[in-house]
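Participant: generate coordinates for the sequence data below:
(chains A and B)
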Number of protein chains: 2
Amino acid sequence: MNKKYILLTPGPTPIPPSVLKALSQPILHHRTHEFGAVFEFVAGEMKAILHTRNPVLMMTTSGTGAMESSVVNLLSPGDKALVLNCGVFGERFANIFKAYGLNPLLLSSPLGFAASKEEVDSVLKQNSDIKAVYIQHTDTSTGILNDLEALSRVIRQRAPEALIVVDAVSSLGAEAMDMDAWDLDAVVTASQKGLMNAPGLAFAAVSPRAWKACEAAKLPRFYLDWRTMKNSLKDKETPYTPAVPLVVAQAEALRLIKEEGLPNVLKRTADMASYARAWAKDLGLKTLAQNPAHILTAVYLPTGIDGNQLVNSLREEEGISIAGGQEALKGKIIRVAHMGYISQEDLKAGLDALKKRLSPVLEKK
Amino acid sequence: MNKKYILLTPGPTPIPPSVLKALSQPILHHRTHEFGAVFEFVAGEMKAILHTRNPVLMMTTSGTGAMESSVVNLLSPGDKALVLNCGVFGERFANIFKAYGLNPLLLSSPLGFAASKEEVDSVLKQNSDIKAVYIQHTDTSTGILNDLEALSRVIRQRAPEALIVVDAVSSLGAEAMDMDAWDLDAVVTASQKGLMNAPGLAFAAVSPRAWKACEAAKLPRFYLDWRTMKNSLKDKETPYTPAVPLVVAQAEALRLIKEEGLPNVLKRTADMASYARAWAKDLGLKTLAQNPAHILTAVYLPTGIDGNQLVNSLREEEGISIAGGQEALKGKIIRVAHMGYISQEDLKAGLDALKKRLSPVLEKK
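Facilitator: Residues are numbered from 1 along each chain as shown, chains lettered A, B, ... in the order given. All right, here's what the predicted structure looks like:
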C-alpha cells in the first residue's frame, strides 16, 4: 500500500508537481491570445535550450512522429542519405526511410560505440552525392552520446551543403546542445525526457538550409508538414488542434529549467551520471556505452541474473521502475535513467535497491 | 477578475473536473501492467461507444492525423476514392489525398447541406472503380449531420466492396454511431469533443474488409501505420510512447459516459441542440445546417454585425468562448457548441449573452 513510486526509466521520466498541476488547468481554446502567449513562451524557451535563432515548430506526436517529420520534410524519392546507426533509434530512422521507399546508407557502430568521425569522413568521401546525414544525439538503447560538434565539423569539410539532421529526443535538456554554433540543420525533440513534461508533444528546429530543402522536398506529408506549421507561427498557433494541456505544462517545465538555469540543470545531470558510473565500477559491472551520455547508464548484468525478471521484481516489490534491454539486449542489460526531474535521492534509492539484489550473485564470482 | 470562463467551442470542449484530475496523476510507464489495464479499458469502452467488435487503435495525434491515417493505410497510388464534401473537413480530406498524389472525386454539397444519397448513388453508378468513400459524420464548419445509415445502404447496393471511411472526430459521443450495423469499414475519431478529454489522442476502428485493404495498401506510412498499432494491441500498448496522461484521462472520461449511460448522454446533447435551435428561431436567426447535427448550432448573423468582433467581445468582456465562421464564412456566422461536457446552464448563459448583443440590431429591422 505504501510502496515507493520511483521512475528511473528513460522516458517517460517523472513530472515535477507544478508541471502536473499545469496539466490539469481548465482547457484554453487554441485560437486565443491566452494560448498564443503560452505558445510563444514555449517556442522562445525551446530556442534558448537549443541555442538557436531558427524557428521552432511544435507538433502533437510522440518522438517517432518528429523523427518521421525530419525525413518527409527534407527528402525526395531517390535522395541518398546517411544514417549513423548507434542502436534502436538509428534503426528506427532506417525503417522510416524504408517506409518511404528510400534506401539510406547505414553506418553502424559496434554495440556501445558512438559514431566514428573518421568513418563518417570516409563514407562521405566515397559518396559525394549524400544529401543529408541523420544522427542520434544520444541513443537510449545503449546510452551512447554522439559528439555532434566533431561530427558536424567533419561533415561540413567534406560535404558543405549536406543537411545535418539530429534526433535530440532523448538528449535535450540533459546534454549540451548548440544548434547554431555546430551548424545543425534540423533538430527534432520531444517533451517527455529532459524537457520534464508528459509524452505527446514534439518539436523541430529548422535552419535556413533545411527550409530550402523542405520547400523542394517531394516526399508526401500532411499532418507532419513543416510548411503548414511554419505558416501558423505568425499567429502563435499550430495548424491543427494541439494537445493544449501538454503545451501549458511544457511552458511550466521550461520555466523551471529557466529558473534553475540550464547550465545548472546540465551539471546536475552530469553529476548523477558520474554517480551511476562510479556505482557500476564499484560493483564491478561493465557499462555498455564507450562514450556515455549523461541521460542514462546501461550496464551488463552478471551471468545468472535475468534482466527482465530483475526489472519486474524491482517494480513490483519496491515500486522502482528501471528499463531493461531492447531487442537483442533484452534480458542482458539494465538501463537506469538520470535526466529530467529524476533526483539524486531517487537515483540513489534505485541503485541501492539494485545493489541489494545484485550483490549476492556478484560475491559468488 | 471574476469573469466567467465558459467554453462553447466545438473542440476543445470543456473537461470534467475528474478528467482534469486524472490528467495530473503521476505518470505511469507505458510498458507496465498498470498502463495495460488503462489501455484495455479505453479500447473496450471505445468499442462500446462505436458499437463495434472491430479492434480500436490508439494514436497520439490531433484529429487530422487520424484522418490522414485513414487515407495512407487504405489506399495505393492511382486508387479512385470519393470524398463527400460538406465543408472544411471534407476539403481537408481532399487536401490529404492531394498531398499523397491522389486525385479524389469530390461530391460537394451546397453550403449547409448534408450529402445527398441520390447523388452518391449516381456518382457510384458512373464510377464502378471507386475503391473507398470518405464521409464526415458531422462537419463542424457548418454543423451538418450526414445520415451514415442511409448513405451506407446506398453504397453497399451499388458498390458492395467499397470501403466506407468515416471521420467521426466531431461526432462521437454526441451523435448515435453504430459501426457494425451500418457496415462501416473505418471510423476515426479524437479525444477532445464528445469524448470530453483534452486534444491529442485519436482512435481508429478498423473492419476486416479495411484490414485486408490495409495489408495491400501501398501509400507510405510509419508513425500512422495501423499495422504496427495492431501488432501492439496484444501487449495492451502502443508502438511508440503514448501521451500517457491523455490515456489515463480518457479512461476517466469514458467511465463518466458509461456511468451516465450513452443513451442519456446522447439525449442530453439532443435536448441542448433543440434548445439552441429554438433560441435561433425565436430571434429570427437563420440556421446554416439543413440536416443539423446535435454537436453545434451555426446561425447566420444579421447584416451590421461583424462575427469576428462579436466572438472576440464575448470572450473578452464576458469570458464566453464561441466560434466564428471558417474560411468563406469568416465573420458571417457564429457557431455555438453543445456537446461533451458543455452543460445546459453554460449553453443558456452563452445564448443569453448573445441575445443581449444581437437584440438591439434585430429590433431595428
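Participant: wait, what's in contact with residue A:238?
Facilitator: Residue A:238 makes contacts with A:30, A:39, A:58-60, A:229, A:232, as judged by Cβ atoms under 8 Å, 6 or more residues apart in numbering or on different chains. Backbone N, C-alpha and C define where each C-beta goes, glycine included.
Participant: kindly apply the preceding question to residue A:194 instead.
Facilitator: Listed by Cβ under 8 Å, 6+ apart, the contact set of residue A:194 reads A:13, A:170-175, A:269, A:295, A:339-340.
Participant: if we go to 6 Å?
Facilitator: Contacts were defined as Cβ atoms under 6 Å, 6 or more residues apart in numbering or on different chains; by that measure residue A:194 touches A:172-174, A:339-340.
Participant: and the closest residue to chain B within the stretch 201-350 of chain A, what pLDDT?
Facilitator: Ranking the residues of the stretch 201-350 of chain A by distance to chain B (Cβ to the nearest Cβ) places residue A:243 first, at 2.9 Å. Here, the pLDDT recorded for residue A:243 equals 97.
Participant: ok, now residue A:3?
Facilitator: The confidence metric pLDDT takes the value 61 at residue A:3.
Participant: what's the first-to-last distance across stretch A:196-215?
Facilitator: Between the opening and closing residues of stretch A:196-215 we find a distance of 33 Å, counting by Cα to Cα, to the nearest Å.
Participant: next: stretch A:95-107.
Facilitator: Between the opening and closing residues of stretch A:95-107 we find a distance of 14 Å, counting by Cα to Cα.
Participant: just the buried residues of it, please?
Facilitator: A:96-97, A:99-100, A:102, A:104-107 (16 or more other Cβ atoms under 10 Å in any protein chain shown).
Participant: just the residues you listed: which are in helices?
Facilitator: When DSSP state H is applied, the buried residues of stretch A:95-107 are split such that A:96-97, A:99 fall in helices.
Participant: which of those residues are close to chain B?
Facilitator: Applying Cβ under 6 Å from any Cβ of the partner chain to those, one finds that A:96, A:99 fall near chain B.
Participant: skipping adjacent residues, who's closest to the residue of the stretch 201-350 of chain A closest to chain B in space?
Facilitator: residue B:200 (2.9 Å; Cβ to Cβ, 6 or more residues apart in numbering or on different chains).
Participant: tell me, how many residues neighbour the one you found?
Facilitator: Around residue B:200 there are 35 other residues, counting by other Cβ atoms under 10 Å in any protein chain shown.
Participant: hang on, the earlier thing: any chance of the ones in helices among the buried residues of stretch A:95-107 in CSV, plus pLDDT?
Facilitator: Rendered in CSV, the data for those read as follows (pLDDT from 0 to 100):
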residue, pLDDT
A:96, 98
A:97, 98
A:99, 98
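Participant: take the ones in helices among the buried residues of stretch A:95-107 and lay them out in CSV including distance to residue A:159.
Facilitator: Below are these laid out as CSV (distance: Cβ to Cβ, whole Å):
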residue, distance to residue A:159
A:96, 21
A:97, 18
A:99, 25
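Participant: looking at the ones in helices among the buried residues of stretch A:95-107, which is nearest residue A:186?
Facilitator: Proximity to residue A:186 was ranked across these by Cβ to Cβ; first place goes to residue A:96, at 13.8 Å.
Participant: tell me who's in contact with that closest one.
Facilitator: If a contact means Cβ under 6 Å, 6+ apart, then residue A:96 has A:68, A:71, B:222 as its contacts.
Participant: how about 10 Å then?
Facilitator: Listed by Cβ atoms under 10 Å, 6 or more residues apart in numbering or on different chains, the contact partners of residue A:96 are A:64, A:67-72, A:83, A:102, A:104, A:134, B:220, B:222-223.
Participant: want to try TSV for those, with distance to residue B:46 as columns?
Facilitator: As requested, these are exported to TSV (distance: Cβ to Cβ, whole Å):
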residue	distance to residue B:46
A:64	22
A:67	27
A:68	25
A:69	27
A:70	31
A:71	31
A:72	29
A:83	36
A:102	35
A:104	37
A:134	36
B:220	27
B:222	24
B:223	20
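Participant: what is the nearest of those residues to residue B:161?
Facilitator: Ranking the contacts of residue A:96 by separation from residue B:161, with Cβ to Cβ as the measure, puts residue B:220 on top at 24.2 Å.
Participant: the closest residue to the closest one other than its chain neighbours and residue B:308, how far apart?
Facilitator: Of all residues beyond its chain neighbours, the one nearest residue B:220 is residue A:100 (4.5 Å), with distances taken as Cβ to Cβ, 6+ apart. With the distance defined as Cβ to Cβ, to the nearest Å, residue A:100 ends up 41 Å from residue B:308.
Participant: in the helix or strand containing residue A:348, what's buried?
Facilitator: When elements are defined using DSSP states H and E, residue A:348 is found to belong to helix A:344-364. Along helix A:344-364, the positions that meet the burial threshold by neighbour count (16+ other Cβ under 10 Å) are A:346-347, A:349-351, A:353-354, A:358.
Participant: could you identify the most distant pair in the residues you listed?
Facilitator: Put simply, by Cβ to Cβ the two of the buried residues of helix A:344-364 set farthest apart are A:346 and A:358, 18.4 Å from each other.
Participant: counting by contacts, list what the helix holding residue A:348 packs against.
Facilitator: Of the remaining helices and strands, those touching helix A:344-364 by 3 or more Cβ pairs under 10 Å, 6 or more residues apart in numbering or on different chains; DSSP states H and E are strand A:6-7, helix A:262-283, strand A:296-300, helix A:307-318, strand A:320-321, strand A:333-337.
Participant: quick one, which of those is nearest to residue B:18?
Facilitator: Residue B:18 lies closest, by Cβ to Cβ, to one member of the helices and strands packed on helix A:344-364: strand A:6-7, at 23.7 Å.
Participant: so what touches that closest one?
Facilitator: A:13-15, A:314-315, A:318-322, A:337, A:340-343, A:345-347, A:349-350, A:353, B:26-29.
Participant: now the buried members of those residues.
Facilitator: Members of these that pass the buried threshold by neighbour count (16+ other Cβ under 10 Å) are listed as A:13-15, A:314-315, A:318, A:320-322, A:337, A:340-342, A:346-347, A:349-350, A:353, B:27-29.
Participant: right, and residue A:325 touches residue A:301 too?
Facilitator: Yes: counting by Cβ atoms under 10 Å, residue A:325 sits close enough to residue A:301 to count as a contact (8.9 Å).
Participant: between these two, which one's more packed in?
Facilitator: residue A:325 (22 against 19).
Participant: and of the contacts of residue A:238, the nearest to residue B:158?
Facilitator: Each of the contacts of residue A:238 was scored against residue B:158 by Cβ to Cβ, and residue A:60 proved nearest at 37.9 Å.
Participant: what's the neighbour count on that closest one?
Facilitator: 28.
Participant: report pLDDT for it.
Facilitator: pLDDT, the model's per-residue confidence, is 98 for residue A:60.
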